[in-house]
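Undergrad: Fold the following.
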Amino acid sequence: MIPEVEKKIIAILKVLNEAQGPIGARVISRNLKKYGVNLSERAVCYHLKIMDERGLTKLKGKRNGRIITNQGVEEIKSALVSDKVGFAISRIEILSFRTTFNPEKKEGLIPVNLSFFPKNKFKKILKAMKPVYDNKICVSNIVAVANECEKLGEITVPEGKMGFATVCSVVINGTLLKAGVPMDSRFGGILQIKDGKPLRFVELIEYTGSSLDPSEAFIRAKMTSVKDVVKKGEGKILANFREIPAICYPLVKEVLESLKKVGIGGIITIGKVSEPVCEIPVDLNKAGMILIGGLNPVAFVQEMGIETENLAMSTLIDYSEMITFSELLNEFSIR
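TA: Next comes the predicted model:
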């Protein structure tokens, strides 16, 4: 196990890495909560002194603001493996808790996946993704875009890139959690589609045993064939497997219907109580649920030979800052 101090240092480094400029202990203390770390302003100051001595951070400006150093960035990248195990499931739980979206009021924070595309290819990429959205191979048709050096949620878009945010399937976890429904997130996988219907999972990665989001891994490995699903109704797409308590089934349907009314779907199928779904066994007194992967439009781009940089389950964006994909196409004069 990583010592407790090291865990807190890594969390502080992540907060500094997300910041656009120097920030002080008070801001760091507040932002640490999203990583499940509670440190007072004084405790943050204590850790920052240690980090300064190790060359991970340095003072910048007159008000004791800190920035992360190159060495600090490398420290994040090389964090011990034992600290990363279970990261995917932890990220789902944290984002679910932080989700505040209310479909009835059409307001609140929505969890998203971020993708960064070459700026000079962005218009071409948007045009290419249109069939994926037309065929609803996505969680939602609402998206968000930011130019280089602008922010999407808490993350800054790198230079020379355009940032593209897709709604993450964790929005269903978060909305159900707010309604009092616990959801067990078990796998991310590759789902085989035949004749336009889900057939079976051909690849699975457990969230509890992966430091990388399964969708990111599958996209990098070029294991999808979203293009074939769009053209022929047969192929392989990104999907996720969840379980819900059977007793909550009526409430789940009610919540999902409210989400559907505001353009958030993502449900491929819900199984019967205690019965397998797409060949995946389900626990007693639970129902299996398959959700479509939010990064399927991006997987389609990767299949075209355009390299993408993806951060699945990375941040939250206010619903008011998002637009439909059709509106985005109009902004870029794409038909």
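Undergrad: Quick check: Phe122 touching Met162?
TA: Yes. Using C-beta atoms under 8 Å as the test, Phe122 is close enough to Met162 to be in contact (4.3 Å). C-betas here are computed from N, CA, C, even on glycine.
Undergrad: So which of those two has more stuff around it?
TA: For Phe122 versus Met162, the count of surrounding residues by other C-beta atoms under 10 Å is larger for Met162: 22 against 17.
Undergrad: low pLDDT regions in the chain?
TA: Where the chain drops to pLDDT under 70, the residues are 1-3, 62-64, 79-86.
Undergrad: could you redo the last one with a cut-off of 50?
TA: Along the chain, segments meeting pLDDT under 50 span 1-2.
Undergrad: Spell out the residue ranges of the strands in the stretch 1-150 of the chain.
TA: 57-60, 65-68, 109-118, 142-146 (DSSP state E, counting those that start in this stretch).
Undergrad: In CSV, list those strands along with distance to Val226.
TA: Converted to CSV, these look like this (distance: least, C-beta to C-beta, whole Å):
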stretch, distance to Val226
strand 57-60, 42
strand 65-68, 36
strand 109-118, 14
strand 142-146, 17
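Undergrad: Could I get the buried residue list for stretch 170-189?
TA: 170-178, 181, 183-189 (16 or more other C-beta atoms under 10 Å).
Undergrad: what do you get for stretch 291-305?
TA: In terms of neighbour count (16+ other C-beta under 10 Å), stretch 291-305 has its buried residues at 291-303.
Undergrad: now the end-to-end length of stretch 229-239.
TA: 13 Å (C-alpha to C-alpha, to the nearest Å).
Undergrad: no wait, stretch 275-287
TA: 7 Å.
Undergrad: Which residues does it contact?
TA: Stretch 275-287 has contacts (C-beta atoms under 8 Å, 6 or more residues apart in numbering) with 184, 187, 191, 198-201, 204, 241, 243-247, 249, 269-274, 288-290.
Undergrad: Using PDB, write out every CA atom in stretch 112-127.
TA: What follows is stretch 112-127, C-alpha atoms only, in PDB (Å, rounded to 0.1, in the frame of the first residue of the first chain):
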ATOM      1  CA  VAL A 112     -18.600  13.500 -19.500                       C
ATOM      2  CA  ASN A 113     -15.800  11.900 -21.500                       C
ATOM      3  CA  LEU A 114     -13.200  14.200 -23.100                       C
ATOM      4  CA  SER A 115     -11.500  13.700 -26.400                       C
ATOM      5  CA  PHE A 116      -8.900  15.900 -28.000                       C
ATOM      6  CA  PHE A 117      -8.700  16.100 -31.800                       C
ATOM      7  CA  PRO A 118      -6.200  17.900 -34.100                       C
ATOM      8  CA  LYS A 119      -7.600  21.400 -34.700                       C
ATOM      9  CA  ASN A 120      -7.000  21.300 -38.500                       C
ATOM     10  CA  LYS A 121      -9.100  18.100 -38.800                       C
ATOM     11  CA  PHE A 122     -11.900  18.900 -36.400                       C
ATOM     12  CA  LYS A 123     -14.500  19.900 -39.100                       C
ATOM     13  CA  LYS A 124     -13.800  16.700 -41.000                       C
ATOM     14  CA  ILE A 125     -14.100  14.700 -37.800                       C
ATOM     15  CA  LEU A 126     -17.500  16.200 -36.900                       C
ATOM     16  CA  LYS A 127     -18.800  15.400 -40.400                       C
END
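Undergrad: Give me the distance from that stretch to the chain's centre.
TA: From the chain centre to the centre of stretch 112-127 is a distance of 17 Å (C-alpha atoms, centre = their mean, to the nearest Å).
Undergrad: hey, where'd the helices end up in the stretch 201-335 of the chain?
TA: Under the criterion DSSP state H, counting those that start in this stretch, helices of the stretch 201-335 of the chain are mapped to 214-220, 226-232, 249-261, 296-303, 325-331.
Undergrad: can you list the domain ranges for the chain.
TA: Listed by automatic domain parsing, the domain ranges of the chain are 4-78, 85-335.
Undergrad: residue boundaries of the helices in the stretch 51-200 of the chain?
TA: 70-77, 81-84, 87-98, 122-134, 170-178.
Undergrad: In TSV, list those along with distance to Gly153.
TA: Listed next are those as TSV, based on distance: least, C-beta to C-beta, whole Å:
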stretch	distance to Gly153
helix 70-77	18
helix 81-84	22
helix 87-98	11
helix 122-134	19
helix 170-178	13
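Undergrad: tell me the most buried of those?
TA: Counting by mean count of other C-beta atoms under 10 Å, helix 170-178 has the highest mean neighbour count of the helices of the stretch 51-200 of the chain, with a mean of 24.
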